[in-house]
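Chemist: One predicted model, sequence on top.
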Amino acid sequence: MKNTINKNRLFFFFAIIVLAGGFAILNLIQTEGNNITEQMEQPEAIIWNAEYREADFSSSEIRELVRQLHDATRSDRDPDVLRPVIIQLGVHLRQSSDPVPLIVADLLRDLSVEHPVKDIRLMAYSTMITALQNEAGVSGSRIGFAAR
């Protein structure tokens, strides 16, 4: 009987070691997978940042709202954070007759296609149309780019 108890203990400790090793391997695989995803997203972030710096915004408020919108879309995409930013951006775009950089419409297009919440998609789409109408100072000339 003592021999059976020792075998059971040995089996139990062996199972714990195997499970701990399995968790360590899964954690390593998950960490490497996250690094690969981050590495794939970095070129897009670099390109966006370069376009953002080169873009000629008509006002500092629009520039700041675009930066806030980009940060919110790249993090958790919380609708409660996105709603006021999109609304404020839309108001500024409607009040301004100055040309709007294409990067604004691209960011809104991505949001209007990818976001899971319907009202966020609709608000982003509506604001994107306004941005496209104001782009390059020619009303309605670039709306076809929204279908990209």
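Modeler: Right, received. Where do you want to start?
Chemist: downstream neighbour of the helix or strand of the chain with the lowest mean pLDDT in the secondary structure list?
Modeler: Ranked by mean pLDDT, DSSP states H and E, the weakest helix or strand in the chain is helix 2-54, scoring a mean of 74. Going down the chain from helix 2-54, the next helix or strand is helix 60-74, by DSSP states H and E.
Chemist: if you average pLDDT over that following helix, what comes out?
Modeler: For helix 60-74, mean pLDDT is 87.
Chemist: Please pull up the helix or strand immediately following it.
Modeler: Downstream of helix 60-74 (by DSSP H and E), the next one is helix 79-95.
Chemist: May I have that next one as PDB, with CA atoms only?
Modeler: Once non-C-alpha atoms are left out, helix 79-95 reads as follows in PDB (Å, rounded to 0.1, in the frame of the first residue of the first chain):
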ATOM      1  CA  PRO A  79     -17.500  53.800 -28.600                       C
ATOM      2  CA  ASP A  80     -17.800  56.100 -25.600                       C
ATOM      3  CA  VAL A  81     -14.400  57.600 -26.400                       C
ATOM      4  CA  LEU A  82     -14.900  57.600 -30.200                       C
ATOM      5  CA  ARG A  83     -18.400  59.300 -30.300                       C
ATOM      6  CA  PRO A  84     -17.300  62.700 -28.900                       C
ATOM      7  CA  VAL A  85     -14.200  62.800 -31.000                       C
ATOM      8  CA  ILE A  86     -16.000  62.000 -34.300                       C
ATOM      9  CA  ILE A  87     -18.800  64.500 -33.400                       C
ATOM     10  CA  GLN A  88     -16.200  67.300 -32.700                       C
ATOM     11  CA  LEU A  89     -14.300  66.400 -35.900                       C
ATOM     12  CA  GLY A  90     -17.500  66.500 -37.900                       C
ATOM     13  CA  VAL A  91     -18.400  69.900 -36.500                       C
ATOM     14  CA  HIS A  92     -15.000  71.400 -37.300                       C
ATOM     15  CA  LEU A  93     -15.000  70.000 -40.800                       C
ATOM     16  CA  ARG A  94     -18.500  71.400 -41.500                       C
ATOM     17  CA  GLN A  95     -17.500  74.800 -40.200                       C
END
